[in-house]
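Novice: Quick one: sequence plus predicted model below, questions after.
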Amino acid sequence: MAKAPARFVCDSCGTHRQQWSGQCSACGEWNSIVEHPTPSTAANVSDVVAVPLAEIEDDASSRRSTGMAEFDRVLGGGLVAGALVLIGGDPGIGKSTLVLHAAASLGTRSSPVLYVAAEESPQQVRMRANRIGVHASHIRIYPDGEIGGVLAEAQRINAGLIVVDSIQTVRAGGVTAAPGSVSQVREATVQIMQFAKSSQTPVVLVGHVTKEGTVAGPRTLEHIVDTVLYLEGDDFHSQRLLRSVKNRFGPTFEVAVFEMRGDGLQEVANPSALFLAERDARAPGSAVAVPLEGTRPLVVEIQALVAPTVYALPKRLASGFDLNRLHMILAVLGRRAGVRLGNHDVYVNVVGGLRLREPAVDLAVAIAIASSERDVPTGPQVAAVGEIGLSGELRSVPSTSQRVHEAQRLGFERCLVPRSRTPSSGSGGLSADSLEHALKLALS
Ligand code: TYD
Ligand code: MG
């Protein structure tokens, strides 16, 4: 067979090109173009035959549980055979802990888990396992990141799952670039995927998201893998959200909530209760919103503080909420609802470290601000759902009745909703015509 023609790839941005050059014309990086062997597929082509669709097995039966119902739900009902799953997230957020929990449940005597610990020493993995109470003997630690060796070992031990922690530390033979570079990471991932599909072994890849986004991050892999999950959270809160942003085998934008404890990640079956745990309903400036995370409504406290300003330009600060959206709400409050804050600082905080991006939480933010300005608490049973329009009208949002239901489940009997989308009678949603009307209902 003729030698496959070489191609060149920019190690910085991943652009393919026919010729080598000193500078990448796409990203402007110098000396970043490296030669890349073209994967040869020609030799296998003749073996491939088309299979009738009806004879292909349904994959529902081949899903395996990670031992964590929340994790399974985000995956779409468990781990599919041959699936390539990428778990991304900031360093230190808990990715290794999460996959170790899953590995403990998925390994069996006849098909153990191959855990590629190229980033940490086997001792470090052992210490983490002790800490989270995992004593499974069906996890095999493989301390090297050369991908040929990894796949050979997986075959030798008949691995039922491969965990690669992290993909940035693996190397592929034949690629000259440094480990962690785009071309190394890609080539390794393509080889892993070919193995996963041909052997029907599921693979979980762990990837760090770098703040700058310049180093080969998992983002370059998103189109290769089947499923992309992100573990989110921050250093100051113990809640962790596992979010699916791509899933060939299940729903996207599904969310699971975990709590990082001293003994590992624990599933939070009732996340709303966690986000409300420290709420003092008698304090002015507190309101309850019901954002939708994935397909699931969450009940979350929003706090606001309004105080006379000492600055020439009053301060506006939003944590967990979009600042521009806050400015808009303040303008509407001033012009349409008589809550004038031109001489006041306004601080808004979403409790629990969540970041809310949905307009459906507008109304709760406005109520929290008005409650603080008037120094009147909202009733203990009041929650609010609705988008605020520029004329002070309330706009309906998706899944209103689902949200009302979740709020009521947690004891918020008076859930304010926009008039146009009042859930059918008996569901208990309290309809408001406008922002002004909603403020009257909430703060009376
Ligand atoms: P880790 O899973 O190593 O994060 P990643 O793989 O995403 O880099 O977890 C990192 C942090 O979590 C570490 O700072 C310590 C903390 N942690 C706990 O609080 N409890 C635990 O049981 C474990 C294992 C870690
Ligand atoms: Mg780790």
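Specialist: That came through, no problem. Ligands and ions are numbered 1, 2, ... in the order given.
Novice: Which residues are in contact with Q381?
Specialist: 411-414 (Cβ atoms under 8 Å, 6 or more residues apart in numbering). All C-beta spots, glycine's among them, are computed from the backbone N, C-alpha and C.
Novice: Quick check: neighbours of the lowest-mean-pLDDT helix or strand in the chain in the sheet, parallel or antiparallel?
Specialist: Least confident helix or strand of the chain, by mean pLDDT, DSSP states H and E, is strand 33-36 with a mean of 78. If you go by DSSP bridges, strand 33-36 pairs up with strand 7-10 (antiparallel).
Novice: Enumerate the positions of the partner strand that are buried.
Specialist: Neighbour counts using 16 or more other Cβ atoms under 10 Å place 8-10 of strand 7-10 among the buried residues.
Novice: can you pull the buried residues of stretch 306-313?
Specialist: Residues of stretch 306-313 classed as buried under the neighbour-count rule (16+ other Cβ under 10 Å) are V306.
Novice: Would you mind measuring the gap between the ends of that stretch?
Specialist: Distance between the two ends of stretch 306-313: 14 Å, counting by Cα to Cα, to the nearest Å.
Novice: ok and the residue in the stretch 301-444 of the chain nearest ligand 1?
Specialist: G353 (15.0 Å; Cβ to the nearest ligand atom).
Novice: pretty sure that residue contacts D235?
Specialist: No: using Cβ atoms under 8 Å, G353 is not in contact with D235; the gap is 9.4 Å.
Novice: and the strand or helix carrying D72, what other elements does it pack with?
Specialist: Assigned by DSSP states H and E, D72 belongs to helix 69-75. Applying 3 or more Cβ pairs under 8 Å, 6 or more residues apart in numbering; DSSP states H and E, one finds that helix 69-75 contacts helix 95-106, strand 227-232, strand 239-247, strand 255-261, strand 264-267.
Novice: Contact partners for the residue lying closest to A103 once chain neighbours are set aside?
Specialist: Distances taken as Cβ to Cβ, 6 or more residues apart in numbering place V113 nearest to A103, at 4.4 Å, with adjacent residues excluded. Residues in contact with V113, defined by Cβ under 8 Å, 6+ apart, are 103, 106-107, 136, 138-140, 159-163.
Novice: want to throw these into JSON lines with secondary structure and pLDDT?
Specialist: Output for the contacts of V113, formatted as JSON lines (DSSP: H, G, I helix; E, B strand; the rest coil; pLDDT from 0 to 100):
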{"residue": "A103", "secondary structure": "helix", "pLDDT": "94"}
{"residue": "L106", "secondary structure": "helix", "pLDDT": "91"}
{"residue": "G107", "secondary structure": "coil", "pLDDT": "89"}
{"residue": "A136", "secondary structure": "coil", "pLDDT": "73"}
{"residue": "H138", "secondary structure": "coil", "pLDDT": "92"}
{"residue": "I139", "secondary structure": "strand", "pLDDT": "94"}
{"residue": "R140", "secondary structure": "strand", "pLDDT": "95"}
{"residue": "A159", "secondary structure": "coil", "pLDDT": "95"}
{"residue": "G160", "secondary structure": "coil", "pLDDT": "94"}
{"residue": "L161", "secondary structure": "strand", "pLDDT": "96"}
{"residue": "I162", "secondary structure": "strand", "pLDDT": "97"}
{"residue": "V163", "secondary structure": "strand", "pLDDT": "97"}
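Novice: so what's the residue of the stretch 201-350 of the chain found nearest ligand 1 closest to, chain neighbours aside?
Specialist: Scanning the stretch 201-350 of the chain for the residue nearest ligand 1 gives G264, at 4.0 Å (criterion: Cβ to the nearest ligand atom). Nearest non-adjacent residue to G264, counting by Cβ to Cβ, 6+ apart: I132, 3.2 Å away.
Novice: hmm, back to that, any chance of the helices and strands packed on helix 69-75 in a markdown table, plus distance to A69 and mean neighbour count?
Specialist: As requested, the helices and strands packed on helix 69-75 are exported to a markdown table (distance: least, Cβ to Cβ, whole Å; neighbours: other Cβ atoms under 10 Å):
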| stretch | distance to A69 | mean neighbour count |
| --- | --- | --- |
| helix 95-106 | 11 | 24 |
| strand 227-232 | 15 | 22 |
| strand 239-247 | 12 | 20 |
| strand 255-261 | 9 | 20 |
| strand 264-267 | 7 | 19 |
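Novice: Specify which residue of G353 and D235 has the higher count of neighbours.
Specialist: The residue with more neighbours, out of G353 and D235, is G353; 19 against 8, by other Cβ atoms under 10 Å.
Novice: Good, wrapping up.
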